[in-house]
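> Got a sequence here, can you build the structure:
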Amino acid sequence: MNALALTGGPAVAADLETRSGSWPRVENSEAETLLRDILKSGRWGRLHANSYAEQFETAFAAFQQARHGVAVANGTVSLQLILRVLNIGLGDEVIVPALTFIATASAVAEVGAIPIFADVHPETMTIDADSAAAAITPRTRAIIGVHYGGFPIDFDRLLPLTRQHGIHLIEDAAHAQGTEWRGTRVGALGVFGSFSFQESKSLPSGEGGIILTNDDELADRARLLHHIGRRMDRPGYMHYALASNYRLTDLQAALLLNQFKRLPDQVRRRDQAGRVLDAALTETGILLPQLRDERVTQRGYYFAIYRYQAKKLDGLPRAAFLAALNAEGVPASAGYGEPVYRYPAFSPEALQMSPLRGLPNLPRYDQICLPITERLCDEEQVTIPHPVLLTGSDGMGLIAASVAKIAANRDELHAWWGAQETKTPVSARSPGR
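Numbering: from 1, shown residues only. Just a heads-up that it's a prediction; the model follows:
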């Protein structure tokens with residue numbers, strides 16, 4: 001009799017996704033009432049006193065322990081706005097990790113600056129300080145560190161590095177609502193932090209974002225530039241800077257305020273569940289978590305991230321393991337899948353249609369190879385989405401039991417995978433990059 005769900009056996013975690021529920025969640029009618037009131041009011045934007053956008057900026061900045069927040073349309077333009085505020089532009093270089101969502105790098109290119117890719121640390125999967133240091137040149141203006149999956153960058157190494165070279169440390173905190181470093185929430189430990197509220201995030205509004213800072217002068221400049229160069233505190237149409245419109249609507253801000261009420265408790269629950277899952281999966285040796293670090297006093301989550309160890313399953317490739325894990329009911333994936341520099345968007349042809357066209361010193365992105373990022377993307381990275389963590393210790397037990405079941409039935413999985421490879425023509429197989 002077949003044991004694995006993949007080959008017809010019962011699934012260990014068959015109801016896990018049902019338990020975790022759909023995302024985003026509307027758990028009461030308050031959000032619907034709020035949105036109805038806004039629709040009837042005719043004040044859908046933020047250009048009125050005591051707007052929901054202003055209320056959310058104040059609440060979220062306080063939650064993340066920052067002095068200032070400026071809400072914007074999405075997490076991508078939040079990074080562009082930060083770069084504009086810091087006067088980073090044509091021909092400047094900004095160091096970014098190669099393992100991230102493309103917006104970390106594309107935002108740099110959109111302001112005419114050059115993304116320079118650094119490798120990541122093999123155990124944290126966040127930007128590696130040594131690799132970043134090696135990439136610094138006289139043209140470098142900033143390092144963008146990504147709190148990947150919600151796991152914070154190493155501030156103890158990156159802050160001194162940026163101060164030593166007189167450059168900025170920018171936090172891409174799109175994944176990190178609620179994350180703490182040494183008891184302080186992230187987002188304003190660097191000069192600026194950028195958050196995303198896209199609908200898959202742990203604090204969602206469909207689209208949306210915010211930038212945080214502790215610098216009064218930079219906050220004023222950010223408010224000016226996010227509002228088409230107009231002063232928020234002065235009426236009329238006088239424009240003091242050439243800028244775009246990055247404003248968040250009040251409809252989105254109202255959704256965020258409604259969702260925000262549940263965020264602190266959800267962050268706490270995800271952090272507790274993540275610790276349980278990390279410990280249980282570490283025991284299997286098959287999935288190793290991002291390195292636990294006592295300096296990370298609380299972790300927010302976009303997804304939980306693990307490194308698949310093929311040798312523990314006698315060389316089975318990650319694709320086979322993920323197929324078996326999905327069949328058992330665990331919604332795991334390989335994450336973003338590719339180093340950012342491999343995307344067609346960074347091919348020489350695509351760059352001719354970008355703001356980087358014709359710039360000197362432009363890297364040949366198609367010739368980059370950062371070994372840790374390549375290995376993680378091609379062989380190791382396994383991600384589990386944050387809503388699953390809200391199922392608590394029982395749900396984490398189902399995930400660990402599913403991995404243990406796969407390990408116990410590895411011969412069956414080897415046989416299944418061999419049959420799949422036999423069915424796949426050689427020309428259609430992955431090249432292994």
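> and this protein, what are its domains?
The chain breaks down by automatic domain parsing into domains covering 5-20+263-428, 30-260.
> Using CSV, lay out those domains together with mean pLDDT.
As requested, these are arranged in CSV below (pLDDT from 0 to 100):
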stretch, mean pLDDT
domain 5-20+263-428, 95
domain 30-260, 96
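> so which helix or strand takes in G193?
Element membership of G193, judged by DSSP states H and E, is strand 192-196.
> Can you tell me the strand partners of that strand and which way each runs?
Using DSSP bridges, the strands paired with strand 192-196 are strand 168-172 (parallel), strand 209-213 (antiparallel).
> Just the C-alphas of it, formatted as CSV.
C-alpha atoms of strand 192-196 as CSV (Å, rounded to 0.1, in the frame of the first residue of the first chain):
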residue,chain,number,x,y,z
PHE,A,192,14.7,55.0,6.2
GLY,A,193,12.6,51.9,6.2
SER,A,194,10.2,50.8,3.5
PHE,A,195,7.1,48.6,4.1
SER,A,196,4.7,47.0,1.7
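> Packed most tightly, which of the domains of the chain would that be?
Most buried of these, by mean neighbour count (mean count of other CB atoms under 10 Å): domain 30-260, with a mean of 20. For glycine as for every other residue, the C-beta is placed from the backbone atoms N, C-alpha and C.
> Can you check the distance spanned by it, start to finish?
In domain 30-260, first residue to last residue: 13 Å (CA to CA, to the nearest Å).
> what separates the nearest residue to D278 once chain neighbours are set aside from S29, distance-wise?
Excluding the flanking residues, the one nearest D278 by CB to CB, 6 or more residues apart in numbering is P289, at 3.9 Å. Counting by CB to CB, to the nearest Å, the gap between P289 and S29 amounts to 38 Å.
> D92 too?
Per CB to CB, D92 is found 49 Å from S29.
> could you pull out the helices for the stretch 251-400 of the chain?
Counting by DSSP state H, counting those that start in this stretch, the stretch 251-400 of the chain has helices at residues 263-284, 318-327, 348-351, 371-375, 386-389, 392-408.
> Can you give me every residue that contacts the most centrally placed residue in the chain?
Centrality entry for the chain: nearest residue to the mean C-alpha point is H175, 3.8 Å, by CA atoms, centre = their mean. Contacts for H175 (CB atoms under 8 Å, 6 or more residues apart in numbering) come out as 146-150, 196, 201, 300-303.
> okay, G432: pLDDT?
pLDDT for G432: 34.
> what's the answer for M1, then?
56.
> I figured P355 hits A109, correct?
Yes: taking contacts as CB atoms under 8 Å, P355 lies within contact range of A109: 5.9 Å.
> before we move on, the earlier item: quick one: residues in contact with the strand holding G193.
60, 64, 66, 74-76, 78-79, 82, 85-86, 168, 170-177, 186-187, 203, 208-213, 218, 222.
> Which of these fall in helices?
60, 75-76, 78-79, 82, 85, 218, 222 (DSSP state H).
> farthest-separated two in the residues you listed?
T76 and L218 (19.7 Å; CB to CB).
> contacting residues around the closest residue to P385 other than its chain neighbours?
Counting by CB to CB, 6+ apart, P385 lies nearest to F303, which is 5.2 Å off, once chain neighbours are set aside. F303 is in contact with 149-150, 175, 335, 383-386, counting by CB under 8 Å, 6+ apart.
> Please report how far F303 lies from S347.
F303 is 28 Å from S347, by CB to CB.
> related to what we said a few turns ago, using a markdown table, please lay out the ones in helices among the contacts of strand 192-196 together with distance to F260.
Output for those, formatted as a markdown table (distance: CB to CB, whole Å):
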| residue | distance to F260 |
| --- | --- |
| F60 | 7 |
| G75 | 16 |
| T76 | 21 |
| S78 | 17 |
| L79 | 22 |
| I82 | 22 |
| V85 | 25 |
| L218 | 24 |
| A222 | 21 |
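> quick one: which of these is nearest P371?
L79 (26.4 Å).
> Surely the closest one and A103 touch.
Yes: counting by CB under 8 Å, L79 does reach A103; the two are 6.4 Å apart.
> A280 is in contact with G397, correct?
Yes: in terms of CB under 8 Å, G397 counts as a neighbour of A280; the distance is 7.2 Å.
> Would you list the phi and psi of E199?
Note on E199: backbone dihedrals following degrees, to the nearest 10 are phi -60, psi -20.
> Against T249, how distant is it?
Relative to T249, E199 is positioned 15 Å away (CB to CB).
> Then E349?
Here the criterion is CB to CB. By it, E349 lies 36 Å from T249.
> now swap in S194 and tell me
Counting by CB to CB, the gap between S194 and T249 amounts to 19 Å.
> what does K405 give?
Distance, K405 to T249, using CB to CB: 47 Å.
> Just the ones of the contacts of H175 in strands?
In strands, judged by DSSP state E, the following of the contacts of H175 are found: 146, 196, 303.
> how close does the first one sit to I127?
The one in question is V146. Per CB to CB, V146 is found 7 Å from I127.
> Which residues does stretch 157-164 contact?
Residues from elsewhere that reach stretch 157-164, judged by CB under 8 Å, 6+ apart: 127, 129, 132-133, 142-143, 145, 168-169, 189-190.
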